[in-house]
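Participant: no FASTA, just this:
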């Protein structure tokens, strides 16, 4: 790993020299755009609209335009800003960890101790752990003043950048206060369904199904060229059907029954119009806005994961070694 920034954590008169490393990376296949007709690479040029010349990165500066005037700011001028020159992560406050709303969290970095700061690093780490506190910090990285949360994970201090308060939008849409009435029986059935889906979260149990299928497609095209048969590669996909409208209680009942059978190792719940786990059939719709997807009958754990934009799937249950 290569450090992207070096500085120090400061609180009071305590100074903890650290190096900053990116803690996450994308696993997506990197693709570029081509002309579909001949496969030629599509490239974008930075062309000046005044002289018409293509401009190299080293000749590009930033500018602010207020509508009447334009101010050009060079990298040297921006680098002289006091905050940009600062190499300190200043602790502003220690707060209870549960007060930091996950919606505010953005990018995550690892903080590693410098060779001279092992003891002060360990002291701050232990203090955060034993007080169950998160440090709210301020720092400047890549020409942006950032708010951050400093916490501990597996004996390593993490720095997570936080959105500013005015960057989190207020929910402004209909349906939140529509006077919906939930019966005690519906709540009881929903709680039973939650109980059947309950377990410990093991990130390694889930995979990005879209990226796996994309890699399979790329490998097939590398071997077979444009003659690739997607039906042969992925298997025949069933055509979608009209969604069956179910009563909410019936949807909950079927879902709980299917989840219990899956947990006990029994066969999937039988019922009209059950769909394949690949999601090739339309999910059943329950009245009142709830959905009882057919994948909940065969693979209840997968249905919750597939609600996100990135398709995920549950691997066969396995426990990670300690």
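Facilitator: Done, it's in. Keep in mind the model is a prediction, meaning the values are calculated, not measured.
Participant: enumerate the positions of stretch 16-24 that are buried.
Facilitator: Within stretch 16-24, the residues that qualify as buried are 16-21, 23, counting by 16 or more other Cβ atoms under 10 Å. Yep, even glycine has a C-beta here, placed from its N, CA and C like the rest.
Participant: from those, which ones fall inside strands?
Facilitator: Judged by DSSP state E, the buried residues of stretch 16-24 include 16-21 as members of strands.
Participant: how about residue 3, secondary structure?
Facilitator: Applying DSSP: H, G, I helix; E, B strand; the rest coil to residue 3 yields a three-state assignment of coil.
Participant: any idea how far it lies from residue 112?
Facilitator: Here the distance between residue 3 and residue 112 works out to 7 Å (Cβ to Cβ, to the nearest Å).
Participant: check this protein for me, the residue farthest from its geometric middle.
Facilitator: residue 51 (42.4 Å; Cα atoms, centre = their mean).
Participant: tell me the pLDDT of that residue.
Facilitator: Predicted confidence (pLDDT) for residue 51: 93.
Participant: kindly report the same for the one 5 residues further on.
Facilitator: Per-residue confidence at residue 56 stands at 90 (pLDDT).
Participant: mind listing the helices for the stretch 151-300 of the chain?
Facilitator: 184-197, 209-224, 230-234, 248-263, 294-298, 300-305 (DSSP state H, counting those that start in this stretch).
Participant: now these in TSV, with mean neighbour count and distance to residue 61?
Facilitator: Shown next, in TSV, are the helices of the stretch 151-300 of the chain (neighbours: other Cβ atoms under 10 Å; distance: least, Cβ to Cβ, whole Å):
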stretch	mean neighbour count	distance to residue 61
helix 184-197	14	54
helix 209-224	13	38
helix 230-234	12	48
helix 248-263	20	59
helix 294-298	25	53
helix 300-305	19	46
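Participant: next, format the ones you listed as CSV and append mean pLDDT and distance to residue 107.
Facilitator: Putting those into CSV (pLDDT from 0 to 100; distance: least, Cβ to Cβ, whole Å) gives the following:
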stretch, mean pLDDT, distance to residue 107
helix 184-197, 88, 30
helix 209-224, 84, 21
helix 230-234, 79, 34
helix 248-263, 83, 36
helix 294-298, 40, 33
helix 300-305, 41, 24
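Participant: can you redo the ones you listed as TSV, where the extra columns are distance to residue 173?
Facilitator: Putting the helices of the stretch 151-300 of the chain into TSV (distance: least, Cβ to Cβ, whole Å) gives the following:
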stretch	distance to residue 173
helix 184-197	23
helix 209-224	27
helix 230-234	37
helix 248-263	22
helix 294-298	26
helix 300-305	22
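Participant: which of these sits closest to residue 140?
Facilitator: helix 209-224 (34.4 Å; Cβ to Cβ).
Participant: next, count neighbours for residue 201.
Facilitator: Neighbour count for residue 201, taken as other Cβ atoms under 10 Å: 6.
Participant: low pLDDT regions in this protein?
Facilitator: Residue ranges of the chain with pLDDT under 70: 82-85, 177, 237-246, 266-322.
Participant: returning to what we had before: more neighbours: residue 3 and residue 112, which one.
Facilitator: More crowded of residue 3 and residue 112, by other Cβ under 10 Å: residue 112, with 17 against 13.
Participant: I'd guess that one is in a strand, am I close?
Facilitator: Yes: using three-state DSSP, the assignment for residue 112 is a strand.
Participant: bridged to it, which residues?
Facilitator: residue 19 (DSSP bridges).
Participant: residue 194 versus the closest residue in space to residue 196 that isn't next to it in sequence, what's the distance?
Facilitator: With sequence-adjacent residues excluded and distances taken as Cβ to Cβ, 6 or more residues apart in numbering, residue 196 is closest to residue 259, at 3.6 Å. Between residue 259 and residue 194 the computed distance is 10 Å (Cβ to Cβ).
Participant: can you check residue 169 too?
Facilitator: For residue 169, the distance to residue 194 equals 28 Å [Cβ to Cβ].
Participant: and what of residue 50?
Facilitator: 62 Å.
Participant: residue 86 too?
Facilitator: From residue 86 across to residue 194, the span is 47 Å (Cβ to Cβ).
Participant: same deal with residue 214?
Facilitator: Counting by Cβ to Cβ, the gap from residue 214 to residue 194 is 33 Å.
Participant: on that earlier part again, relative to residue 78, which of the helices of the stretch 151-300 of the chain is closest?
Facilitator: Once the helices of the stretch 151-300 of the chain are compared by Cβ to Cβ, helix 209-224 is nearest, at 37.2 Å.
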